[in-house]
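Trainee: Here's my sequence, what's the structure:
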Amino acid sequence: MTKKLIIGDQEWGIADADAEGVVRLVREAMLNGTSVELSLYDPDGHSVIVFLNGAATSAVVLDLTKGPRPSQMS
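Mentor: From the prediction side, this is the model:
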């Protein structure tokens, strides 16, 4: 689970199998100002449901990086 959704100062993990669906839902919420329900993981790896309100959120970051970052060792 190297993919992440960052909302403000909160970071959520995205399961590889769910990444495409999460990206689609986040895009929908942000472009249309709607609310969506996302199946994610907290920093401890626990499965959680996060509700994203695209009308109330100014920005989110989807980190879909594959492999280690330049500053990380593999």
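
Trainee: Point out where this structure drops to low pLDDT.
Mentor: Along the chain, the model assigns pLDDT under 70 to residues 1, 66-74.

Trainee: Strands of that one, start to end?
Mentor: Under the criterion DSSP state E, strands of the chain are mapped to 3-7, 10-14, 35-41, 47-53, 61-63.

Trainee: Include mean neighbour count when you put those into a markdown table, please.
Mentor: All C-beta spots, glycine's among them, are computed from the backbone N, C-alpha and C. Shown next, in a markdown table, are these (neighbours: other CB atoms under 10 Å):
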| stretch | mean neighbour count |
| --- | --- |
| strand 3-7 | 18 |
| strand 10-14 | 18 |
| strand 35-41 | 17 |
| strand 47-53 | 13 |
| strand 61-63 | 13 |
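
Trainee: Distance to Val26 for the ones you listed - can I get that in CSV?
Mentor: Formatted as CSV, the strands of the chain follow (distance: least, CB to CB, whole Å):
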stretch, distance to Val26
strand 3-7, 7
strand 10-14, 10
strand 35-41, 7
strand 47-53, 6
strand 61-63, 6
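
Trainee: Those strands: which one's closest to Arg24?
Mentor: strand 35-41 (9.2 Å; CB to CB).

Trainee: need the contact list for the closest residue to Ala19 other than its chain neighbours.
Mentor: Nearest residue to Ala19, sequence neighbours excluded (CB to CB, 6 or more residues apart in numbering): Lys3, at 5.1 Å. For Lys3, the contact set (CB atoms under 8 Å, 6 or more residues apart in numbering) comprises 13-16, 19, 62-65.

Trainee: which one of those residues is nearest Met30?
Mentor: Among these, Leu62 lies closest to Met30 (CB to CB), at 10.1 Å.

Trainee: From Gly33, how far off is the residue nearest to Ala19?
Mentor: Remark: distance between Lys3 and Gly33 (CB to CB, to the nearest Å) = 24 Å.

Trainee: same check, this time on Ala56
Mentor: Remark: distance between Ala56 and Gly33 (CB to CB) = 9 Å.

Trainee: And those two? Which one has more around it.
Mentor: The neighbour count for Ala56 versus Gly33, taken as other CB atoms under 10 Å, is higher for Gly33 (12 against 9).
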